[in-house]
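# only the shape, not the letters, is given here:
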């Protein structure tokens with residue numbers, strides 16, 4: 001009966017998410033109220049139309065090998081919809097809306113399996129109704145594609161990051177295929193979404209590495225673990241410095257490009273030295289996750305985004321309680337998510353200097369915050385009785 005209620009709630013979560021996004025598609029189609037259906041969205045649609053025209057002529061399109069050709073690459077993914085008769089861009093919006101709803105459903109199922117269905121509903125609720133999520137998922141942007149891939153890759157890998165079959169799955173038996181198949185499928189999903197967001201590959205490696213390290217921690221003595229950590233740190237300091245310098249130069253170039261527009265902040269700051277980058281990284285993460293701050297609100301649209309930022313702050317507060325709870329239940333998954341979240345938000349905080357870019361790109365990380373927040377809320381507030389009344 002409990003499993004049946006969990007599935008029934010999951011269907012409700014999926015339909016609510018899809019319904020909200022279909023409303024967003026309607027608003028986008030008949031009004032000019034969606035600010036995200038311009039600029040990049042138009043470029044992606046044009047690229048999809050161009051690729052579809054090449055396919056329709058009987059010629060195979062040339063797939064770019066440069067990962068920075070994101071417009072062409074995402075247009076390639078969308079191009080089959082432009083081969084259909086009728087309103088192609090509408091098809092694209094509906095496809096993206098469906099991906100967004102699948103991401104919300106995946107978050108609900110993951111959180112429910114790791115903790116409870118009450119936590120799953122709380123975790124999914126912000127993504128269902130946040131205007132930025134709804135409007136971004138009502139365009140042909142790539143955000144929902146990446147979000148769905150991240151969530152479902154986590155579902156697959158959460159039972160496989162420690163590889164040995166004798167270690168029980170974090171998300172319970174019967175939820176996914178055997179460990180090897182789950183591992184291959186999860187890595188494949190990460191590989192596919194990396195085609196349009198290649199810069200996140202180191203974060204995926206970090207997350208998997210953190211999960212593996214935690215999974216094998218009992219197999220290593222503390223002395224060996226300390227020695228291995230010290231040796232790794234020494235190698236990093238002596239060998240990896242040029243790589244860090246090169247990566248820092250890449251971040252600086254990106255930040256310069258994004259230090260423009262109406263919602264720009266701290267335009268004069270550049271993390272062009274390692275000490276400056278290390279010192280600013282936590283501050284940058286706060287800007288990335290929680291802007292606009294009150295003094296940045298200038299228009300009505302800013303007020304809407306500000307309300308969501310306040311919601312992010314509240315979620316962060318509950319997430320503090322949720323992390324230790326999930327650590328006791330699922331150490332590998334918790335370690336992987338926390339490692340990728342902390343390092344990822346710091347790196348994006350170093351790169352971004354524009355609230356508009358933050359709103360789009362932090363969707364890749366907010367779902368992790370909401371997952372832990374859902375667990376925190378479920379632990380601090382008795383939701384089970386209220387959920388029982390719904391049945």
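Everything's here; your move. As the structure is a prediction and not an experimental result, all values here were calculated from the model.

# pLDDT weak spots in the protein?
Counting by pLDDT under 70, the chain has low-confidence residues at 1, 159-178, 217-245, 384-391.

# what helices and strands are in contact with the helix or strand harbouring residue 72?
Element membership of residue 72 [criterion: DSSP states H and E] is helix 70-78. When contacts are defined as 3 or more CB pairs under 8 Å, 6 or more residues apart in numbering; DSSP states H and E, helix 70-78 packs onto helix 40-56. Where C-beta positions appear, they are placed from N, C-alpha and C, glycine not excepted.

# who are the packing partners of the helix it packs on?
Based on contacts counted as 3+ CB pairs under 8 Å, 6+ apart, the elements that helix 40-56 packs against are helix 70-78, helix 88-114.

# contact partners of the shortest one?
Contacts made with helix 70-78 from outside it, assessed by CB atoms under 8 Å, 6 or more residues apart in numbering, are listed as 40, 43-51, 61, 63-64, 67, 92, 95, 140, 142, 145, 195-197.

# what's the PyMOL syntax to select whichever of these are buried?
Selection command for PyMOL covering only the buried members of the contacts of helix 70-78, criterion 16 or more other CB atoms under 10 Å:
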select buried, resi 40+43+44+45+47+48+49+50+51+61+92+95+140+142+145+195+196+197
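
# and the helix or strand hosting residue 207, what's buried?
Taking DSSP H and E as the definition, residue 207 sits inside helix 201-215. Applying a neighbour-count criterion of 16+ other CB under 10 Å, one finds 203, 204, 206, 207, 208, 210, 211, 212, 213, 214, 215 buried in helix 201-215.

# and the third one, how far from residue 340?
Note on residue 206: its distance to residue 340, by CB to CB, to the nearest Å, is 6 Å.

# look up phi and psi at residue 378.
phi -60, psi -30 (degrees, to the nearest 10).

# what's the closest non-adjacent residue to it?
Beyond its immediate neighbours in the sequence, the residue positioned closest to residue 378 (CB to CB, 6 or more residues apart in numbering) is residue 119, lying 3.8 Å away.

# buried residues in the helix or strand the one you found falls within?
Counting by DSSP H and E, the element that carries residue 119 is helix 117-129. By 16+ other CB under 10 Å, the buried positions in helix 117-129 come out as 117, 118, 119, 120, 121, 122, 123, 124, 125, 126, 127, 128.

# show me the contacts for residue 141.
With contacts defined as CB under 8 Å, 6+ apart, residue 141 is in contact with 36, 40, 41, 44, 96, 360.

# of those, which is the nearest to residue 259?
residue 360 (16.2 Å; CB to CB).

# residue contacts, that closest one?
Residues in contact with residue 360, defined by CB under 8 Å, 6+ apart, are 36, 132, 136, 141, 143.
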